[in-house]
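> How does the following fold in three dimensions:
(one chain, ligands or ions: 1)
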Amino acid sequence: MPADRHKKSSKYTLDRGMPGAFEGETVNRRRFMNVVTQGAGGIAVAAFGLPALGFALGPVFKIEQGSWQIIGVPDDFNELTYVTKVLTVVPGIGEAGQSIAYVRKRNPAIDTEPHDQFNNYIALSSRCMHLGCPVRYVLAAERFICPCHGGVYNFRGEVAGGPPVRPLDRFYTYEHNGYVYAGPRYSVNSELQRFSPRDPGEPLDGIGQYLYPSRWSTPPRPPTTNLPAPPAVPGT
Ligand code: FES
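Alright, predicted model coming up:
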């Protein structure tokens, strides 16, 4: 093997002719400092970045448990328009765990989906089923409008235009001892059939209902069999 080739492959910086080389060194000082600085920078970024990322994404991965909460009395609601209510969907994380619901009384003339004790009041989630922006109810048009990409929903929360992949999610409602309660969120397909809650952007028609995981902590089952316990009587 030629001598200069041997020198190029030597572990000593001096043999390799590196700038700043010193006899006996295998890594010169500049390179050593570069490695140390980059390592320290990486640790600092991780120290600041990971907790922030965890805080931001934590609620996203938190599975919804669902609970019942009082949203008013029957006279607060009517069949013709929606009342805005703030619900806590993930307890313990403040405003990040709150969601807006648009609530009205069921109108048998237009609410033709199967009727039971959990939909005497129609409570629609304000989360757009495209990417999750908050939709706004426009009274004059009787439409829900999403400001992000032009999604439009009709009075019943069905998609009327734009990119949303399914109707607005709903909350179970329940009238009990003179109060109206809102319960866990559920999702619906384009026929307004109930499914366990899914994330925005996940269609529920056809094969879509099998592709995306439920956001409930229990596996998807017939929707009303895995509801939390009925609401407690207020004041007891
Ligand atoms: S998030 Fe509503 S249309 Fe895109």
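
> Kindly report the residues of this protein close to the ligand.
Applying CB under 6 Å from any ligand atom, one finds that the chain approaches the ligand through 128, 130-131, 133, 146, 148-151, 162-164. Quick note: C-beta positions are derived from backbone N, CA and C, even for glycine.

> pLDDT weak spots in the chain?
When residues are selected by pLDDT under 70, those of the chain lie in 1-14, 18-37, 39-66, 215-236.

> domain ranges for it?
Per the record's domain assignment (automatic domain parsing), the chain is made up of the domains 1-61, 69-226.

> Just the buried residues out of the residues of the chain next to the ligand, in PyMOL syntax.
Of those, the buried ones can be selected in PyMOL as follows, counting by 16 or more other CB atoms under 10 Å:
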select buried, resi 128+130+146+151+164
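
> And the residues of the chain next to the ligand, which is closest to F171?
Of all the residues of the chain next to the ligand, F171 sits closest to C128, with 15.9 Å by CB to CB.

> shouldn't that closest one be in contact with V152?
No: the pair formed by C128 and V152 falls short of the contact definition of CB atoms under 8 Å, at 10.2 Å.

> shared neighbours of those two, which are they?
Where contact means CB atoms under 8 Å, 6 or more residues apart in numbering, the residues bridging C128 and V152 through contact with each are C146.

> quick one: Q98 and the ligand, what's the gap?
Remark: distance between Q98 and the ligand (CB to the nearest ligand atom, to the nearest Å) = 18 Å.

> What about that residue, how many residues nearby?
Residue crowding around Q98 was assessed by other CB atoms under 10 Å; the count is 13.

> Next up, the contacts around Y212.
By CB under 8 Å, 6+ apart, Y212 lies in contact with 198-199, 202.

> The ligand: which of these is nearest?
The ligand has its nearest neighbour among these in D199, at 12.2 Å by CB to the nearest ligand atom.

> now that closest one: how far from D116?
As for D199, its distance to D116 is 25 Å (criterion: CB to CB, to the nearest Å).

> just checking, which of the residues of the chain next to the ligand belong to helices?
Filtering the residues of the chain next to the ligand for membership in helices, criterion DSSP state H, returns an empty set.

> got JSON lines for the residues of the chain next to the ligand, with distance to N177 too?
JSON lines is the format used below for the residues of the chain next to the ligand (distance: CB to CB, whole Å):
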{"residue": "C128", "distance to N177": "34"}
{"residue": "H130", "distance to N177": "38"}
{"residue": "L131", "distance to N177": "39"}
{"residue": "C133", "distance to N177": "36"}
{"residue": "C146", "distance to N177": "36"}
{"residue": "C148", "distance to N177": "40"}
{"residue": "H149", "distance to N177": "42"}
{"residue": "G150", "distance to N177": "43"}
{"residue": "G151", "distance to N177": "38"}
{"residue": "G162", "distance to N177": "41"}
{"residue": "P163", "distance to N177": "42"}
{"residue": "P164", "distance to N177": "36"}
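
> State whether Q209 is indeed within a helix.
Yes: using DSSP: H, G, I helix; E, B strand; the rest coil, the secondary structure at Q209 is a helix.

> What degree of burial does V73 show, as a neighbour count?
A count of nearby residues for V73, using other CB under 10 Å, gives 11.

> I'd assumed H176 was in contact with it.
No: between V73 and H176 there is no contact under CB under 8 Å: 11.1 Å.

> Could you point out the helix or strand that follows the strand ranked longest in the chain?
Once the chain is assigned using DSSP state E, the strand that runs over the most residues is strand 179-188. Along the chain past strand 179-188, the next helix or strand (assigned with DSSP states H and E) turns out to be strand 194-195.
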